[in-house]
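S.K.: next input, structure requested:
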Amino acid sequence: MTKKIRTVVFILFISFYFPVSGQLVREKFDKMTLSENFDSSTSMWTMVANLDNLFIVQDGEYILNRKTQVSPFAVVAGFNNESAVFRLVSSLKLEKTATEDGSAGLLFMAQDDGKGGFIFEINKSKQYRVKQITGGSYKYVSGEPKNNGWVKSNALSELNLYNLVDIRIADKNYDVYVNNTFLMSFTEPAYKTGKLGIIIGPGSKARVDFFYVFSSSRVSIPDPGVTAGADKTSGGEAAVQSPDIIQLAESIILLKTQINKANEDNEVLRHTIDAYKMDSKDAEANLRTYEKNIKVLQDELKKQNLRMDSLVKVNAELMKYKELVAGNENSDLIITLSKTVKSEKEANEELRRINKELSDSLAVMKNEARQAGQKQANKTPGSNSQATKSVQDTTSRKGFVLPNDGN
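M.R.: Just a heads-up that it's a prediction; the model follows:
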């Protein structure tokens, strides 16, 4: 699915209102006020490359790499959102994280002093949370303080897969959706308006595919300002909702769901193939071990056979002496020779027993090696589908370091 097709798909989808049980926001958002597809670098977003951060626009995505593992960071969009009734829709994924508190998310209703606003974020464990910036710390809106506000949800995609985040705000009520699934609602009268942006956690890397803002034609607001270079769309006409367009939107939602499922299945299949490759490497290592042990046993067996041959020769020589003294009155010599022969026979029997044990062990090792080799040859990968204390950055108006959780 190309970048332009994805843009059309999501513009059509988010132009309509779909009622969900438990939601508080019942506004119809029928005007687009910001459309950012990251097709080119603009002054709307912070571009930086230093020891702490690497933020760039590349191949239709905004890539954020927070290299420092000390604190999260907020990138504030150069977009003046003057409305208290709006809808923020973005597609983002947490690609990887080097810390347990790594995350990525969205900033909304952020106040100018950097001491107020809300953050929605996701982590690598398919968990989400909503927290409010209060001075130099946080107040968790979702979950429990003992879990730092994190809530598990099957609606979230796996690590390195995109999530469609939809946040709707009207009459001081807030609804949060992910991947077309309603997650939670809350009410907060503290803020009238606020800035928007993107959050990147400590030691985390994330990508943002697009960033859209919609408003309602029912609410009259000034034309939103954009710093420069943004793909801004605005207008006073409400979207025309014909039955055909609604049906098309429903078809697009279904198609997007199927695409997300296919991406998840492909990820599972990739992990399955990797597991098969690892098993194959283990089998090869086992086979080499078996072959080494077999060689050791073969060498030991060869030594035992040489000892056996030597004993047979000794026994033959002793038999000659026995024949020479046959009938002789020197019985002591005969007795001594008899005892020697008996002792040699017993030693011979013990060597035969050891020889047999070594031969049996060799046979078992050869059989195990043969089975390991056969198992490796029969393994073929299958098509298993299961397989931010807060200090505003005085050097930039587009970002600030966020406080850590627990501060």
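
S.K.: give me the distance between L51 and V178.
M.R.: Distance from L51 to V178, counting by Cβ to Cβ, to the nearest Å: 33 Å. From N, CA and C alone the C-beta is placed, and that goes for glycine too.

S.K.: the helix or strand bottoming out on mean pLDDT in the chain: what's the following helix or strand?
M.R.: Within the chain, no helix or strand scores below strand 391-392, which has a mean of 38 by mean pLDDT, DSSP states H and E. Of the helices and strands lying after strand 391-392 in sequence (DSSP states H and E), the nearest is strand 399-401.

S.K.: and that next one, what does it pack onto?
M.R.: strand 73-76, strand 391-392 (3 or more Cβ pairs under 8 Å, 6 or more residues apart in numbering; DSSP states H and E).

S.K.: how many neighbours does the nearest residue in space to V57 that is not next to it in sequence have?
M.R.: Spatial nearest neighbour of V57, chain neighbours left out: S41 (4.5 Å); criterion: Cβ to Cβ, 6 or more residues apart in numbering. S41: 13 surrounding residues under other Cβ atoms under 10 Å.

S.K.: what's the host helix or strand of K366 packed up against?
M.R.: Using DSSP H and E, K366 falls within helix 331-378. Judged by 3+ Cβ pairs under 8 Å, 6+ apart, the packing partners of helix 331-378 are helix 243-324.

S.K.: state the mean pLDDT of the helix it packs on.
M.R.: For helix 243-324, mean pLDDT rounds to 71.

S.K.: just checking, S142 touches Q132?
M.R.: No: applying Cβ atoms under 8 Å as the test, S142 and Q132 come out as separate, 10.3 Å apart.

S.K.: distance of A283 from K375?
M.R.: As judged by Cβ to Cβ, A283 and K375 stand 6 Å apart.

S.K.: ok, F118 next?
M.R.: Distance from F118 to K375, by Cβ to Cβ: 55 Å.

S.K.: these two: who's more crowded?
M.R.: Neighbour count, other Cβ under 10 Å: between F118 and K375, F118 has more, with 26 against 14.

S.K.: all strands for the stretch 1-150 of the chain, in order.
M.R.: 31-36, 48-49, 53-58, 61-66, 73-76, 79-80, 86-97, 104-110, 116-122, 127-134, 137-140 (DSSP state E, counting those that start in this stretch).

S.K.: give the partner strands of the last one in its sheet and their orientations.
M.R.: If I follow you right, that is strand 137-140. If you go by DSSP bridges, strand 137-140 pairs up with strand 127-134 (antiparallel).

S.K.: and A170, bridged to which residues?
M.R.: As for beta bridges, A170 partners with N173 under DSSP bridges.

S.K.: burial measure for it, as a count.
M.R.: The number of residues packed near A170 is 21, by other Cβ under 10 Å.

S.K.: list the contacts of it.
M.R.: Listed by Cβ atoms under 8 Å, 6 or more residues apart in numbering, the contact set of A170 reads 25-27, 84-85, 216.

S.K.: 7 Å - rerun?
M.R.: 25, 27, 85 (Cβ atoms under 7 Å, 6 or more residues apart in numbering).

S.K.: thinking the first one is in contact with N173, fair?
M.R.: Yes: under the contact definition of Cβ atoms under 7 Å, V25 touches N173, with a separation of 5.2 Å.

S.K.: what kind of secondary structure is the residue most central in space within the chain in?
M.R.: Note on the chain: the residue nearest the mean C-alpha position is L159, at 3.6 Å, using Cα atoms, centre = their mean. Taking DSSP: H, G, I helix; E, B strand; the rest coil as the rule, one finds L159 in the coil state.

S.K.: how close does it get to L94?
M.R.: 6 Å.

S.K.: what residue spans form the domains of the chain?
M.R.: Per the record, the chain has its domains at 3-269+388-401, 272-378, by automatic domain parsing.

S.K.: re earlier: closest to I200 out of the strands of the stretch 1-150 of the chain?
M.R.: Of all these, it is strand 61-66 that lies closest to I200, at 4.3 Å by Cβ to Cβ.

S.K.: which secondary structure elements does the closest one contact?
M.R.: Applying 3 or more Cβ pairs under 7 Å, 6 or more residues apart in numbering; DSSP states H and E, one finds that strand 61-66 contacts strand 53-58, strand 195-200, strand 204-215.

S.K.: how about a markdown table for those strands, with mean neighbour count, distance to A104 and mean pLDDT added?
M.R.: Formatted as a markdown table, these follow (neighbours: other Cβ atoms under 10 Å; distance: least, Cβ to Cβ, whole Å; pLDDT from 0 to 100):
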| stretch | mean neighbour count | distance to A104 | mean pLDDT |
| --- | --- | --- | --- |
| strand 53-58 | 16 | 12 | 96 |
| strand 195-200 | 24 | 6 | 96 |
| strand 204-215 | 24 | 4 | 93 |
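
S.K.: distance to V312 added to those strands, as TSV?
M.R.: What follows is these, written out as TSV (distance: least, Cβ to Cβ, whole Å):
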stretch	distance to V312
strand 53-58	79
strand 195-200	81
strand 204-215	75
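
S.K.: among these, which comes closest to L306?
M.R.: strand 204-215 (65.2 Å).

S.K.: got the angle between that closest one and strand 104-110?
M.R.: Orientation of strand 204-215 against strand 104-110 (axes from the mean of the first three to the mean of the last three Cα atoms, to 10 degrees) gives an angle of 40 degrees.

S.K.: before we move on, back to that, any idea which of the domains of the chain is most buried?
M.R.: Among the domains of the chain, domain 3-269+388-401 has the highest mean neighbour count (mean count of other Cβ atoms under 10 Å), at a mean of 18.
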